[in-house]
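Q: Need coordinates for the below:
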Amino acid sequence: MKLVQDFKTDRLGFSYDVLLALLACCLPLSSAIPNLLLIPIAILLFFKFSKKAIYGRPVLFFVLTLGFLVVLAIIKWRFFAEIDFYSRIFISLLLLVSVTQVNRLKYLETAFLAGTVLAILIATFNVLAFEDFKLSFSIFGNTAAVNELLRIERPYFGFLLALVVFLCLRHKSMVYYGIAVVASVFCALIAARLSLGLIVLLWLVWLFHLLKPLKKWRFPLVLGALVLCGIALFSNDNLKKRFKVQGNLDHSIAKALDYEPRYVIWPCTFTTLNSPMEILFGLQGNDQLEKRLVTCYSESIMGNPSKKAYYLDEKFNPHNQFLHLLCLGGLSALVLFLLGFGNVFFSRKVPFDLKVLAGMFFLFFVFEALLYRQLGCYLFGIFLGVLARRLCYSTDLREASL
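A: Numbering: from 1, shown residues only. This is a model prediction of the structure:
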């Protein structure tokens, strides 16, 4: 058996790879187990580390951004006051190094797919039990109860599903295609809007490559597929509820904006920076950011007491990673972070599939402050680790299982 043979020939490397695979499997299922697994992973990493496995150029600006935030927090005397947040940054950095040292990245991929499929099954059972097994899935049109049933916040569950589709479409196998279809359908059912858009784009890119022999027919066929996909998606009642689609277009847009938190949050975020120093180097920390956002919500939401109370109770974060970085580290941190993406997108050495993966994170960052969440820091750290693996830049990219 290959697993037994791998263990006999490389006990340290095999144990290390299996631990990281278990971590990847548990990410969609538990918030506690991955934290526990970090301890043995860090110990084995100490004995296994090889600088030769790291290709640092693609992740340089991302690492500088995270390091800059930590240094600023120390200078501002906020590091220990917000240790929960900054410890998650160290998790991202630890995973960056850890993933570069993996010999069998295929284990991580398979484990992550298995964990997400299991999370889909658990969420499906929870929803069916909640609806007395009526198969309506109407609960997904309601944001209030859906996060509890999914056990993960809807946007993050949707992003996990988008990552599953990305990984599966890289394989020419009906099994992987089947998993991609299941993930896509479930994302449509839970009405995770941003991730559903990412999944549609992934399928269109896959279809575009599949139709390569047809040459001039590729664009019309892909465009037609996009139109059909849009019609199919907007026949979904849950999506209609999420997008506030009603008979009158103007009324639908007005209602959608009224119910969209970012329509209030983003303008408020820009009001939090009140001096040139804050614009350059950010606020004192997340606590000050939260207080200023809450003050803005209180002053800007007029004529709707229940909506104001909801915003004051929820204390929404910026819901945009770029704005979050602007508030924490000022323009200095934001520019470094944007340079990180520019370095990936415009580099000839970075393979196309890694650019697609980076694009997925970029788009998700536009609508969510990923580093606010533990799961987000884990995903970002693994992404950086894959991006920094020297093996991914070898001549024969197919041998570098991503």
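
Q: use CA for all of it now, contacts and neighbours both
A: Fine.

Q: Off-centre distance for stretch 107-116?
A: On the basis of C-alpha atoms, centre = their mean, to the nearest Å, stretch 107-116 sits 16 Å off its chain's mean C-alpha point.

Q: For that stretch, give the mean pLDDT please.
A: Model confidence over stretch 107-116, given as mean pLDDT, is 96.

Q: Going by neighbour count, which residues of it are buried?
A: Neighbour-count burial for stretch 107-116, counted by 16 or more other C-alpha atoms under 10 Å, picks out 107-109, 111-116.

Q: Would you mind naming the helix or strand containing the residue nearest to residue 96 when sequence neighbours are not counted?
A: Using C-alpha to C-alpha, 6 or more residues apart in numbering and skipping residues adjacent in sequence, the residue nearest residue 96 is residue 385, 3.8 Å away. Secondary structure from DSSP states H and E places residue 385 in helix 374-387.

Q: Distance-wise, check residue 357 relative to residue 170.
A: Distance, residue 357 to residue 170, using C-alpha to C-alpha, to the nearest Å: 12 Å.

Q: er, residue 19 I mean
A: Plainly put, residue 19 is 24 Å away from residue 170 if you go by C-alpha to C-alpha.

Q: higher neighbour count, those two?
A: residue 19 (20 against 14; other C-alpha atoms under 10 Å).

Q: was I right about that one contacting residue 43?
A: No: contact criterion C-alpha atoms under 8 Å: residue 19 and residue 43 do not qualify, at 11.3 Å.

Q: so what sits against both of these two?
A: By C-alpha atoms under 8 Å, 6 or more residues apart in numbering, residue 19 and residue 43 have no common neighbours.

Q: hang on, the earlier thing: the residue nearest to residue 96 and residue 94 touch, don't they?
A: No: using C-alpha under 8 Å, residue 385 is not in contact with residue 94; the gap is 9.0 Å.

Q: what's the helix or strand for the residue sitting nearest the centre point of the chain?
A: Of all residues in the chain, the one closest to the mean position by C-alpha atoms, centre = their mean is residue 159, 5.1 Å from it. Take DSSP H and E as the rule and residue 159 turns out to sit in helix 154-168.

Q: Give me the contacts around that helix.
A: Here helix 154-168 makes contact (C-alpha under 8 Å, 6+ apart) with 28, 109, 113, 116, 146-147, 150, 176-177, 179-181, 183-184, 187, 190, 192-196, 198-199, 202, 357, 364, 375-376, 402.

Q: tell me the average confidence for stretch 388-396?
A: 69.

Q: Distance of residue 176 relative to residue 205?
A: Residue 176 is 16 Å from residue 205, by C-alpha to C-alpha.

Q: now swap in residue 99 and tell me
A: Relative to residue 205, residue 99 is positioned 27 Å away (C-alpha to C-alpha).

Q: same thing with residue 156?
A: Residue 156 sits 22 Å away from residue 205, going by C-alpha to C-alpha.

Q: okay, the two: which has more neighbours?
A: Applying other C-alpha under 10 Å to residue 156 and residue 205 shows that residue 156 carries more neighbours, namely 20 against 15.

Q: and the more buried one, what pLDDT?
A: Residue 156 is assigned 95 on the pLDDT scale.

Q: now do residue 239
A: pLDDT, residue 239: 58.

Q: so where is the protein shaky, pLDDT-wise?
A: Across the chain, the ranges flagged by pLDDT under 70 are 1-8, 131-144, 212-219, 221-223, 225-253, 256, 258, 394-402.

Q: what's the domain layout of it?
A: Domain assignment for the chain by automatic domain parsing gives 2-259+319-399, 262-314.

Q: so which of those is the most packed in?
A: Mean neighbour count (mean count of other C-alpha atoms under 10 Å) peaks for domain 2-259+319-399 among the domains of the chain, with a mean of 18.

Q: so how far is that one off the chain centroid?
A: With C-alpha atoms, centre = their mean, you get 4 Å for domain 2-259+319-399.

Q: again with stretch 307-314
A: Relative to the centre of its chain, stretch 307-314 is centred 26 Å away, using C-alpha atoms, centre = their mean.

Q: Please export the C-alpha coordinates of stretch 30-49 as CSV.
A: Provided in CSV are the C-alpha atoms of stretch 30-49 (Å, rounded to 0.1, in the frame of the first residue of the first chain):
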residue,chain,number,x,y,z
SER,A,30,-14.3,23.0,13.3
SER,A,31,-12.7,26.2,14.6
ALA,A,32,-10.9,24.5,17.5
ILE,A,33,-9.2,21.4,16.0
PRO,A,34,-7.1,23.4,13.5
ASN,A,35,-5.7,25.4,16.4
LEU,A,36,-4.7,22.2,18.2
LEU,A,37,-3.1,20.8,15.1
LEU,A,38,-0.9,23.8,14.7
ILE,A,39,1.2,22.8,17.8
PRO,A,40,2.5,19.4,16.4
ILE,A,41,2.8,21.0,12.9
ALA,A,42,5.1,23.7,14.3
ILE,A,43,7.2,21.2,16.2
LEU,A,44,7.7,19.0,13.1
LEU,A,45,8.3,22.1,11.0
PHE,A,46,11.3,22.9,13.2
PHE,A,47,13.0,19.6,12.2
LYS,A,48,11.8,19.7,8.6
PHE,A,49,12.3,23.3,7.4
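
Q: List the contacts of that stretch.
A: Applying C-alpha under 8 Å, 6+ apart, the contact partners of stretch 30-49 are 12-13, 16, 19-20, 22-24, 26-27, 94, 98, 101, 374-375.

Q: switch the cut-off to 10 Å
A: Identification of contacts with stretch 30-49 by C-alpha atoms under 10 Å, 6 or more residues apart in numbering yields 12-13, 15-20, 22-27, 91, 94-95, 97-102, 115, 119, 151-152, 374-375, 378.

Q: before we move on, what about stretch 275-284?
A: Here stretch 275-284 has contacts from 68-69, 72-73, 75-78, 270, 272-274, 289, 324-334, using C-alpha under 10 Å, 6+ apart.

Q: end to end, how far does it reach?
A: Using C-alpha to C-alpha, first and last residues of stretch 275-284 are 12 Å apart.

Q: How far off centre is that stretch?
A: The answer for stretch 275-284 is 27 Å, by C-alpha atoms, centre = their mean.

Q: Tell me who's in contact with residue 366.
A: 194, 319-323.
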